[in-house]
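*Asks:* Predicted structure and sequence below. I'll ask about it afterward.
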Amino acid sequence: MSTWQICVSADLCIVLSEFGSTFMHVILIVPRSDIPEQIRADEFDAVLPREHIGTGYLASALRMNGIDASILDAEAYDLPVASVLEKLRFVKDDAIIGITCNQSQYRYTKLMLNGIRDIGFEGIICIGGELPTLAPNFVADTLRDLDYIFCGEGETEFPLFASLIHKGNNEFRAVKGLWYKNGDGTLVNTGMPVAIRDLDKVPVPYHYVMKNEKDTGVPIKTVPAIHGSRGCKWGSCTFCSTAESHRRIIGGEGWRCRSSKNIIDEIAQVKEEFGSRYFVFTDEEIFDGTSLGYDRMQDLCILLKDRKIGINFMIGCRASEVNQELFSKLRSVGLSRVLIGLESSSQRCLDAIKKGTSVDDNKAAVEIVRKLDIELIPGFIPFYPNSTLEDVKKEFHFLVEYVGYNKVHKYTKKLRPDYGTPLFKMLQKQGRLIGEFPFYSYCFKDQRVQNLYEYLQRLILMEGEKDPGNLYRIVCDW
């Protein structure tokens, strides 16, 4: 039994492995994102789990293949780059460092990579996740301390890659979705990543933060994430980088799901091991817009009831998928909170972003969850590139007065042009993009909106305004 450990603080220790006797060690790192602290506290901590579910899945896949894997999560534990580097000083060069990276984690990742080489680590460094899947060429050009780039899902390909490295075999053609530079500096691509079709065969994720809490004797406060499906059938929203990354994995067509039994087995296991009673489903699209998705959730209701598991949970979905009959059943077995992608109260805006829903869908969804006494977390964007001041006021009036939701973070929420998305390409073509990667932005066409947005940003991010009521009054009086 391996007992190698990476200490990340005085009272926290991440155990490399509970089993396994190989000499191959993989350290998986989750970088900290560049989300401002004021926004992070208001929006994310109250809704999302602390654990990085994709990294948990990858750790389990590595372990299932006999490879020791540890996780160093700078996001969950709010670690600065210097703290991460201090932990990595003890890592030997025969280890593999694997980093996950989305666009908001890019700058932290770049600083960390420079530091890893500076402290003398000469082993293999790999990167994967949403950003490398979207833009492998960009990553290869700007993160020069990397050795390998992975696109797509890693549960099958990364363990294969680690096994080949362990055996001293550098013939990587069988590892799909891999990018690396050969001897003359030419970028080599082994082919498109392979989508995992049968998700029931993927080992359940390693819930590493909860295990640390349990092992150190502190109360387990971490909310476990359940990822019951992958992909989005719709894939049309112009601002969605997740949809773009799935297009690279499976061509953008398709939604894959775990069986209801497989999901319930994981929930029961996590509840038994950690005592968890509240779960968050982190699916990009929990329904697929057809009978398959609805039938699966019907089965989930039956299994939760028959097995008397007794939990509360949160899901996310589109407004058009809020069905009173099904949501009533979900409510009866523990659905207590739902994140609904309303996005806007303007049909013009919904059509512009190709959401595929209507204002009537939004209103109907709000009324159904209100009637069923389910807490609503609205996915909502008050500021759009072409918004007029009148549009912005109507958006906030709908959000605050009709939906009944008023949080500070919404006053900084503008439609974001993530790299590679249709929105990004449109604004780039129009010559409206400003800033630099990864935080591209734009100026609003209506100068009144630009002035209002800049003023709200200054109040919240620089002066620490925490009263959403005051912010709402400012918008109404602008």
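*Replies:* Everything's here; your move.
*Asks:* Please count neighbours and contacts with C-alpha atoms only from this point.
*Replies:* Fine.
*Asks:* Once you drop chain neighbours, what's closest to Thr282?
*Replies:* Excluding the flanking residues, the one nearest Thr282 by CA to CA, 6 or more residues apart in numbering is His227, at 5.2 Å.
*Asks:* dump the residue contacts of the one you found.
*Replies:* 53, 281-283 (CA atoms under 8 Å, 6 or more residues apart in numbering).
*Asks:* swap the cut-off to 7 Å and go again
*Replies:* His227 makes contacts with 281-283, as judged by CA atoms under 7 Å, 6 or more residues apart in numbering.
*Asks:* Export these as JSON lines, with columns for secondary structure and neighbour count.
*Replies:* Below are the contacts of His227 laid out as JSON lines (DSSP: H, G, I helix; E, B strand; the rest coil; neighbours: other CA atoms under 10 Å):
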{"residue": "Phe281", "secondary structure": "strand", "neighbour count": "20"}
{"residue": "Thr282", "secondary structure": "coil", "neighbour count": "20"}
{"residue": "Asp283", "secondary structure": "coil", "neighbour count": "19"}
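*Asks:* Can you tell me which of those is closest to Asp373?
*Replies:* Among these, Phe281 lies closest to Asp373 (CA to CA), at 18.9 Å.
*Asks:* pLDDT score for the closest one?
*Replies:* On pLDDT, Phe281 comes in at 94.
*Asks:* His25 versus that one, what's the distance?
*Replies:* With the distance defined as CA to CA, to the nearest Å, Phe281 ends up 30 Å from His25.
*Asks:* Number of residues surrounding Trp234?
*Replies:* For Trp234, the neighbour count with other CA atoms under 10 Å is 17.
*Asks:* which SS state does it fall under?
*Replies:* coil (DSSP: H, G, I helix; E, B strand; the rest coil).
*Asks:* in its sheet, what does the longest strand anywhere in the chain sit against?
*Replies:* Taking DSSP state E as the criterion, the chain has its longest strand at strand 335-343. Here strand 335-343 has these sheet partners by DSSP bridges: strand 312-318 (parallel), strand 375-380 (parallel).
*Asks:* Strand 335-343 and the following helix or strand past the first one, what's the angle between them?
*Replies:* Using DSSP states H and E, the helix or strand that follows strand 312-318 towards the C-terminus is helix 324-332. Orientation of helix 324-332 against strand 335-343 (axes from the mean of the first three to the mean of the last three CA atoms, to 10 degrees) gives an angle of 140 degrees.
*Asks:* and helix 324-332, what does it pack onto?
*Replies:* Using 3 or more CA pairs under 7 Å, 6 or more residues apart in numbering; DSSP states H and E as the contact test, no helix or strand touches helix 324-332.
*Asks:* in it, what's buried?
*Replies:* 324, 326-331 (16 or more other CA atoms under 10 Å).
*Asks:* swap in stretch 401-415?
*Replies:* Buried-residue list, stretch 401-415, by 16+ other CA under 10 Å: 403, 406-415.
*Asks:* Could you save the residues you listed as a markdown table and add columns showing distance to Ser260 and secondary structure?
*Replies:* Output for the buried residues of stretch 401-415, formatted as a markdown table (distance: CA to CA, whole Å; DSSP: H, G, I helix; E, B strand; the rest coil):
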| residue | distance to Ser260 | secondary structure |
| --- | --- | --- |
| Val403 | 31 | helix |
| Asn406 | 35 | coil |
| Lys407 | 34 | coil |
| Val408 | 37 | helix |
| His409 | 34 | helix |
| Lys410 | 34 | helix |
| Tyr411 | 38 | helix |
| Thr412 | 38 | helix |
| Lys413 | 35 | coil |
| Lys414 | 36 | strand |
| Leu415 | 34 | coil |
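*Asks:* Tell me the one of the residues you listed nearest Lys233?
*Replies:* Leu415 (21.6 Å).
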